[in-house]
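Colleague: Quick one, structure for this:
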Amino acid sequence: MEKVKRTRAHVARLELSAAQVAVLDGQAHAARALWNLLHEYFTFRQGRFATLKECDAAIRAARREIDWMGQLPAQAAQAVLKTYRQAWANFFNPDHPAERPTFKARFRSRPAVDVPQARDLQIKRINRRWGGVNLPKAGRARFRWTKDLPGVTKGGPSGRITGARLVKDAFGWQIVFRTETIAAPVISTHPGLAVGIDRGITVALALSDQTTREHRPWLTNGEREHLRRLEKKSARQRAAHTPGQPASHRLRRTYDQIARLRAKAKRRAVDWQHQTTTELAGTFGVVVVEDLKITNMVRSAKGTIEQPGRNVTQKAGLNRAITGEAWGRTVTLLEYKTRDRGGLVVKVPAPGTSQTCHRCGHRDPASRDGTRVSCANPECGWTGDADINAAINIRNAAGTVVSGRGDLGAAGSAKRQPPRAA
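Modeller: The predicted structure is shown next:
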């Protein structure tokens with residue numbers, strides 16, 4: 001039986017010297033500047049886009065004529081061109097929700113450098129906690145070893161490392177290994193039951209089996225207060241800032257402190273989502289979720305000068321709460337984890353799931369009062385938790401599928417048995 005290849009990413013923290021950090025910072029700024037030069041060259045032509053051959057020739061000429069372009073390794077420069085071309089391909093793809101490529105600002109873009117060739121990395125395990133890796137033009141560096149990499153350690157997972165990407169966040173530089181593992185195909189469907197999941201704010205995940213998956217606030221009370229004070233401090237510093245002039249070192253330092261707190265909250269959120277989705281993918285065979293248009297849900301309510309919005313402050317708070325839960329990332333993690341286990345993620349239409357009684361099917365927008373829902377049908381009169389009711393409706397709506405991702409059955413069959421009630 002032919003085995004399948006699975007591509008995954010593994011993130012590890014790098015331990016760098018001050019000189020190595022300076023080298024990678026210079027490479028990242030050169031990569032960003034190269035992107036901007038490519039965008040200008042690609043778009044500002046006489047009525048046509050530049051071809052791949054023309055872009056490649058322009059990069060080679062720029063590396064000979066511009067001194068600082070030499071900071072960026074040649075293969076990393078080619079990776080910038082490849083990424084830029086892929087961004088345009090995604091934009092023109094009607095099935096891909098990508099925006100039009102544009103210029104990258106110095107302080108608003110995430111510093112990153114690509115290492116497309118795995119042989120340049122020379123990965124070795126040093127001890128139980130650390131591994132060693134070669135960084136182009138930066139030398140040998142250590143990274144935190146938290147997981148066996150395919151093709152590196154004896155007895156580890158079969159496969160190989162195809163490349164890496166160096167990414168900088170608020171805590172420093174990290175390396176993202178691109179791994180390719182070889183696994184036997186899933187020949188049978190997941191034995192677990194079907195479950196509907198309602199994503200919310202007060203209750204993170206409500207399941208149709210009348211259980212919930214909740215988490216603590218991503219930041220402690222002290223950390224939230226510290227973040228509030230830093231944001232007020234940055235507002236005062238911005239008020240004293242002269243427009244058009246570079247930000248002061250004090251303002252930049254305040255921005256860095258805010259970024260570290262927000263990055264800490266994101267790390268905790270991603271960790272909880274990984275643990276929760278792994279547990280759900282291993283327990284249930286079919287996971288049914290709502291097909292939410294999250295981008296539309298978090299739009300601002302400011303309106304226009306002619307038609308100003310109402311309850312703008314309340315809507316802004318709701319948008320922050322929705323964004324903090326990262327509903328889309330939860331579904332993305334569920335999709336590939338259930339697929340690896342022979343399961344399926346199904347998306348169903350979202351309207352009415354929290355306003356419809358799952359017992360009799362009566363729908364009334366006024367039936368929900370906060371976290372409780374009461375059926376207005378006098379012959380039913382069911383009362384219960386609104387989130388659990390919505391989760392049951394989501395599971396029962398699996399027959400009206402918007403999309404589904406995962407295993408379609410044994411031996412590649414295009415048909416699948418209907419979800420089994422929990």
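Colleague: where are the low-confidence patches of the stretch 51-200 of the chain?
Modeller: 186-188 (pLDDT under 70).
Colleague: Recalculate using a threshold of 80.
Modeller: Counting by pLDDT under 80, the stretch 51-200 of the chain has low-confidence residues at 96-97, 107, 153-157, 182-190.
Colleague: That one: strands as residue ranges?
Modeller: Along the stretch 51-200 of the chain, counting by DSSP state E, counting those that start in this stretch, strands occupy 112-115, 124-125, 130-135, 139-144, 159-169, 172-183, 194-199.
Colleague: would a markdown table of these with mean neighbour count and distance to Gly285 be doable?
Modeller: (C-beta placed from N, C-alpha, C; glycine too.) Converted to a markdown table, the strands of the stretch 51-200 of the chain look like this (neighbours: other CB atoms under 10 Å; distance: least, CB to CB, whole Å):
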| stretch | mean neighbour count | distance to Gly285 |
| --- | --- | --- |
| strand 112-115 | 25 | 38 |
| strand 124-125 | 14 | 37 |
| strand 130-135 | 18 | 37 |
| strand 139-144 | 16 | 35 |
| strand 159-169 | 19 | 26 |
| strand 172-183 | 18 | 19 |
| strand 194-199 | 26 | 7 |
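Colleague: Distance to Ala76 for those - can I get that in a markdown table?
Modeller: Formatted as a markdown table, the strands of the stretch 51-200 of the chain follow (distance: least, CB to CB, whole Å):
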| stretch | distance to Ala76 |
| --- | --- |
| strand 112-115 | 5 |
| strand 124-125 | 22 |
| strand 130-135 | 11 |
| strand 139-144 | 16 |
| strand 159-169 | 9 |
| strand 172-183 | 14 |
| strand 194-199 | 38 |
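Colleague: Quick check: which of those strands is nearest to Val270?
Modeller: strand 159-169 (11.8 Å; CB to CB).
Colleague: Partner strands of that closest one, with direction?
Modeller: strand 112-115 (antiparallel), strand 172-183 (antiparallel) (DSSP bridges).
Colleague: Make JSON lines from the ones you listed and add distance to Arg85 to it.
Modeller: Shown next, in JSON lines, are those (distance: least, CB to CB, whole Å):
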{"stretch": "strand 112-115", "distance to Arg85": "14"}
{"stretch": "strand 172-183", "distance to Arg85": "18"}
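Colleague: Relative to Asp148, which of those strands is closest?
Modeller: That would be strand 172-183 among those, by CB to CB, at 10.3 Å.
Colleague: Any chance you could list what contacts that closest one?
Modeller: 3-14, 16, 21, 24, 133, 143, 149-150, 157-168, 340 (CB atoms under 8 Å, 6 or more residues apart in numbering).
Colleague: Taking strand 130-135 as reference, get the angle to it.
Modeller: 100 degrees (axes from the mean of the first three to the mean of the last three CA atoms, to 10 degrees).
Colleague: Please state the offset of strand 172-183 from the chain centre?
Modeller: With CA atoms, centre = their mean, to the nearest Å as the basis, strand 172-183 stands 15 Å off its chain's centre.
Colleague: got it, and stretch 345-356?
Modeller: The answer for stretch 345-356 is 23 Å, by CA atoms, centre = their mean.
Colleague: mind listing the helices in the stretch 251-400 of the chain by residue range?
Modeller: 294-297, 312-325, 327-340, 386-396 (DSSP state H, counting those that start in this stretch).
Colleague: Let's have those in TSV, adding mean neighbour count.
Modeller: TSV is the format used below for the helices of the stretch 251-400 of the chain (neighbours: other CB atoms under 10 Å):
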stretch	mean neighbour count
helix 294-297	11
helix 312-325	14
helix 327-340	19
helix 386-396	26
